[in-house]
Every structure is written in C-alpha cells, then in structure tokens.
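Engineer: sequence unknown, structure follows:
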C-alpha cells in the first residue's frame, strides 16, 4: 500500500513542478497559482497520512473538489484542463481490498499526467 501512497504523492509532486514552471505568463495566472497551491496542500496532506488510507482518500477528494471549484473561475483551455484534472482525481480512491488497485493506479497516473500537461499548457 505504501507504493500506492507514494505513487499518488509523486503524481501530485509532478503536477506541482509542472504548474510551478508554467504559471508565469497566463492571463489567468491567479487560477494557475491557486491550482499550484492546491497540489502543494495535497502533497502535504497525503504525505502526512502515512498508513492512513482514509486520510489519503480524503485529501484526494478535497483536491478534486478544489480543482473543480477553480474550473469555475477559469475560461477556455484552462477550464477544460481543470475539469479534466478534477474528474481524474475524483475518480480515484484507494481500496485495500481491491486486488486490481495497482492497475487502477497506473490508469489514474496516465490520466493525471495528461491532465497536468494540459493544465501546464493552458497556464503558460
């Protein structure tokens, strides 16, 4: 299960790094900065939830809600990217009783990476 938690934190950290690099020149820079902060907060919460699957799931749900909220403040490609990221994070929940959890994590990571790239492009 530590692999799942670590993978979520890595996915969030990757998103954070991509967003930090991309937030400079966009007309919607404040929304991009808020998205960056949301990932920072998520990384902190998920990291602090070591061994607490419910805590990680709550942090993931909170991130999805924040991204969805931010999408309401955005337009165009940025809005589309935020909605995609919100949907990706909202669809993921760690279930220790699910033998297919590792495969689901891989699918989630692929979706989250693509959404992060879309968000970074929209914020640049």
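Structural biologist: Okay, I see it. Computed from a prediction, not measured in an experiment: that's the story for all the values here.

Engineer: and the lengthiest helix in the chain, how far out from the chain's middle?
Structural biologist: Counting residues, the longest helix found in the chain (DSSP state H) is helix 101-123. Chain-centre distance of helix 101-123: 8 Å, with CA atoms, centre = their mean, to the nearest Å.

Engineer: same thing with stretch 117-124?
Structural biologist: Centroid separation between stretch 117-124 and its chain, computed with CA atoms, centre = their mean, is 13 Å.

Engineer: cool, and stretch 59-67?
Structural biologist: Taking mean C-alpha positions (CA atoms, centre = their mean), stretch 59-67 and its chain are 8 Å apart.

Engineer: which residues touch it?
Structural biologist: 8, 12, 34-35, 38-39, 41-42, 45-46, 49, 82-83, 85-87, 89-90, 92-94 (CB atoms under 8 Å, 6 or more residues apart in numbering). (Glycine included, C-beta is placed from N, CA and C.)

Engineer: Any buried residues in the longest helix of the chain, and which?
Structural biologist: Neighbour counts over helix 101-123 (16 or more other CB atoms under 10 Å) mark 101, 104-105, 108-109, 111-112, 115-116, 118-120, 122-123 as buried.

Engineer: just stretch 36-52 next, same as before
Structural biologist: 36, 38-39, 42-43, 45-47, 49.

Engineer: do the same with stretch 86-106
Structural biologist: 86, 88-89, 92, 94, 101, 104-105.

Engineer: I'd like the residues you listed laid out as CSV, including pLDDT and distance to residue 53.
Structural biologist: Below are the buried residues of stretch 86-106 laid out as CSV (pLDDT from 0 to 100; distance: CB to CB, whole Å):
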residue, pLDDT, distance to residue 53
86, 91, 21
88, 83, 19
89, 86, 16
92, 83, 12
94, 79, 5
101, 72, 10
104, 73, 14
105, 69, 13
